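Trainee: generate coordinates for the sequence data below:
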Amino acid sequence: MKLVIAVVHDRDRSRITENLLRNGFKFTKIGSTGGFLREGNITLLVGVEEKDVDRVLNVIGESCKTREQFVNVLPPDAGPVGTFIPSPVKVLVGGAITFVVDVERFERF
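Mentor: Reported below is the predicted structural model:
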C-alpha cells in the first residue's frame, strides 16, 4: 500500500476532489497554507494500492494546472514610509506537489 500526499492550491480544491471521487479514490483533506505567497492550500492524503499510484497521480495532474499570477514583491507594511514599491512580478501558482510513501501497516476500525 502507498500513501499519496498532494499539496494543492485552494483554487483547484473543487476540481481535484470531484475528480478523485469520480475515479473511486477516497481521501482525507487538510487545510494548509503555502510559505511563499501565504495563500491557502489543501493537503490531500490518499491511500492506494501500488497498482493505482500512477492512476491517482494522473488524476491529480489533470486536475491541477499551474497558472500565472501577479504578486507584489514586498507587502505594503514591509518597508518604511515613502519606500518605493516595485511593480508586481509574474509568478507561477497552482499545480500540485505530490509525495508517494510506503505504508508499513494499514488498518480500518
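
Trainee: C-alpha from now on. contacts and neighbour counts both.
Mentor: Will do.

Trainee: a helix runs through residue 13, doesn't it?
Mentor: Yes - assessed by DSSP: H, G, I helix; E, B strand; the rest coil, residue 13 belongs to a helix.

Trainee: what is the least confident helix or strand in this structure?
Mentor: Least confident helix or strand, the chain: strand 89-94 with a mean of 65, by mean pLDDT, DSSP states H and E.

Trainee: tell me the contacts of residue 103?
Mentor: Each residue near residue 103 by C-alpha atoms under 8 Å, 6 or more residues apart in numbering is listed here: 1, 2, 3.

Trainee: per-residue pLDDT of the closest residue to the last one other than its chain neighbours, please?
Mentor: The one in question is residue 3. Computed as C-alpha to C-alpha, 6 or more residues apart in numbering, the closest residue to residue 3 that is not its neighbour in sequence is residue 47, at 4.6 Å. We have a pLDDT of 96 for residue 47.

Trainee: next one: residue 13
Mentor: Taking residue 13 on its own, its pLDDT is 89.
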